[in-house]
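Participant: quick one: sequence plus predicted model below, questions after.
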Amino acid sequence: MFRKYIALLRLGIAAMFEYRASMLIWMLINVMPLVMLAVWFSMAEGGPVAGYTQSDFVSYYLLLAFVQQMTTVWVIYELDYEIRHGDLSIKLLHPLNPLHDYLSTNLADKILRPFALIPLAVAAWLIFPTIHYHLTPLRVALFVVALAAAWFIRFMSQYIFGLLAFWVSDSMTLNDIWFAFTEMLGGMIAPLDLFPPQVAAVANWLPFRFMLAFPVEIVSGRLTSQDLAAGAAAMLFWVVLAFVVYRWVWRRGIRQFSAFGA
Amino acid sequence: MRYLRLLTIFYKYSIISELEYRVEFLANVFMSVFWLAWAIVSVAIFFLHTDEIGDWTWPEVLMVVALFTLFSGVMEALLRPNVGAVLDQVRDGTFDFVLTKPVNAQFIASLRNIVVWRLSDVVIGLGLIAYALAQMHIVPTVGQVALFALMLLAATAIVYSLWLMMVSLAFWFVKLDNFTELFYGFYEAGRYPVTIYRGFARALLTFVVPIAFVTTFPASALLGRIDQPMTLLGLAFAIGLFILSNRFWTFAVGHYSSASS
């Protein structure tokens, strides 16, 4: 399995290099965190907003932009196309679940992306020398795990929506709605503790937080150890659930697909 | 006149073909309303913590959001489908058929297709503008409405020209299928009033990629808070970019080499 992945990854990285200009453009247009940062930054000019200073907002949104970049997923566009055109049949003949094919393509992008992001991170640090994070070895380790989990939940949830193309023609629309909720309740519009308390209390347990904001919250220093433990447990729950739901949908979908005889 | 008749025919067929997918049409209208609600909630969260962002009050910001929605509709209904078509045509050489038609190529390339249901965003945007005005108990004067209409026209010209220039680039970057997305990166920044940006970013959005003239300044015009220099600058941008983009398009078409044969 490991050797298969190495081979798939090499293939994926070669493909990324082939389309490097397109890849760069997809990276550059991710300006949403910066737009939101501009709004909050201007609001915090007269003094902190609900405990957030200007430099807190910069720290939050720059790291959020990083998480956003490192968890970007586009698998539904490939999957939807291949299910509709029957191209999936070819992948089904391979002695490997197609999931690994899509997963490794995305992973190849995640291996290359940091190289483009590091110069930007250095530039950001030079422009805003006051950005600050709460970095203990434990929190950094937890950040890395949470980042991987965020990517996984994003990937699997989008994959599941993609698989719905076996049954419905509007799977992309459903995914758009899911994405809208991720931006709203995942900490893109505002850090979750700036929502009304009742909303934040619910959003803290929904999957959206664990697809975007949670890794940032870990190193922002605002969470108590108790919050961290509860968050980590919820994160684990969503990771497992995403996988279980995928297995269930995939088994049924594949039967549906063969029934079409495509 | 002839061009108007052609447009009627083009759009009649676009509408007929879209009516075949009525369920999709409803789903799309639903999505327009959904995204509008999303945009309003996002602004509402800011106003939980403040009375104004960048000197704009809640109903005033709603007007900017409304214009953002309106022009998203214009772009998705008219610009994106045509740009997509030109990119495909240049890639596989069928742009020949556009050039050989006895009609201006720029006309065909930029207005041939329409995705009618996307105009729902335009209607929704106008509705939100009316709602925001009602919330402020403002009845704009005739002069303000006229100025607003003028700025809307200028904004349309600016958006159209920027798109046309991007399409023109297709003649060189045939393989780069997503560079038009770059425009969305800038457009996204026009979601809220341009006054939230500081220094470099504001200058960029006002004077270089003038998105401020698409969402912020038309709203200012209707609220009677735009000054003369900005109005004139907006008009200058509209006319200047329109001429420039037309020149650039002509120059770019000259580089079209068709498919190898």
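Facilitator: Received, thanks.

Participant: what sits against the residue of chain A found nearest chain B?
Facilitator: Per Cβ to the nearest Cβ, residue A:29 is where chain A lies closest to chain B, at 3.8 Å. Heads up, the C-betas are built off the backbone N, CA and C, glycines and all. Residues in contact with residue A:29 (Cβ atoms under 8 Å, 6 or more residues apart in numbering or on different chains) are B:181-182, B:184-185, B:188.

Participant: just the buried subset of those residues, please.
Facilitator: The neighbour-count criterion (16 or more other Cβ atoms under 10 Å in any protein chain shown) marks B:185, B:188 among the contacts of residue A:29 as buried.

Participant: what is the subsequent helix or strand relative to the helix or strand hosting residue A:122?
Facilitator: Using DSSP states H and E, residue A:122 sits within helix A:98-127. Next helix or strand after helix A:98-127 toward the C-terminus (DSSP H and E): helix A:137-163.

Participant: report all helices and strands that that following helix contacts.
Facilitator: Using 3 or more Cβ pairs under 8 Å, 6 or more residues apart in numbering or on different chains; DSSP states H and E, the elements in contact with helix A:137-163 are helix A:54-70, helix A:75-84, helix A:98-127, helix A:171-185, helix A:207-211, helix A:213-220, helix A:225-260.

Participant: now those as JSON lines including mean pLDDT?
Facilitator: Listed next are the helices and strands packed on helix A:137-163 as JSON lines, based on pLDDT from 0 to 100:
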{"stretch": "helix A:54-70", "mean pLDDT": "95"}
{"stretch": "helix A:75-84", "mean pLDDT": "89"}
{"stretch": "helix A:98-127", "mean pLDDT": "90"}
{"stretch": "helix A:171-185", "mean pLDDT": "93"}
{"stretch": "helix A:207-211", "mean pLDDT": "97"}
{"stretch": "helix A:213-220", "mean pLDDT": "96"}
{"stretch": "helix A:225-260", "mean pLDDT": "91"}
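
Participant: which residues does residue B:67 contact?
Facilitator: Applying Cβ under 8 Å, 6+ apart, one finds that residue B:67 lies in contact with B:125, B:129, B:155, B:214-216, B:218-219.

Participant: which SSE is the residue of the stretch 151-261 of chain B found nearest chain A in?
Facilitator: Using Cβ to the nearest Cβ, the closest approach of the stretch 151-261 of chain B to chain A is made by residue B:185 at 3.8 Å. Here residue B:185 sits within helix B:181-188, counting by DSSP H and E.

Participant: who are the packing partners of that helix?
Facilitator: Packing contacts for helix B:181-188, counted by 3+ Cβ pairs under 8 Å, 6+ apart, involve helix A:20-28, helix B:142-169.

Participant: which parts of chain A sit against chain B?
Facilitator: Neighbours of chain B within chain A, by Cβ under 8 Å from any Cβ of the partner chain: A:21-22, A:25-26, A:28-32, A:34-35, A:38-43, A:49-50, A:169-170, A:173, A:176-177, A:180, A:184, A:189-190, A:194-196.

Participant: ok, back up a step: residue contacts, the nearest residue to the residue of chain A closest to chain B once chain neighbours are set aside?
Facilitator: Sequence neighbours aside, residue B:185 is the residue nearest to residue A:29 in space, at 3.8 Å (criterion: Cβ to Cβ, 6 or more residues apart in numbering or on different chains). Counting by Cβ under 8 Å, 6+ apart, residue B:185 touches A:28-31.

Participant: take those residues and write them to JSON lines, including distance to residue B:73.
Facilitator: Below are those laid out as JSON lines (distance: Cβ to Cβ, whole Å):
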{"residue": "A:28", "distance to residue B:73": "24"}
{"residue": "A:29", "distance to residue B:73": "20"}
{"residue": "A:30", "distance to residue B:73": "23"}
{"residue": "A:31", "distance to residue B:73": "21"}
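
Participant: now do stretch A:148-162, average pLDDT.
Facilitator: For stretch A:148-162, mean pLDDT is 96.

Participant: run a quick neighbour tally on residue 54.
Facilitator: No chain in the question, so chain A it is. As a burial measure, residue A:54 scores 19 neighbours (other Cβ atoms under 10 Å in any protein chain shown).

Participant: let's do chain B instead
Facilitator: For residue B:54, the neighbour count with other Cβ under 10 Å is 21.

Participant: what sits closest to residue A:215 if chain neighbours are left out?
Facilitator: residue A:146 (4.1 Å).
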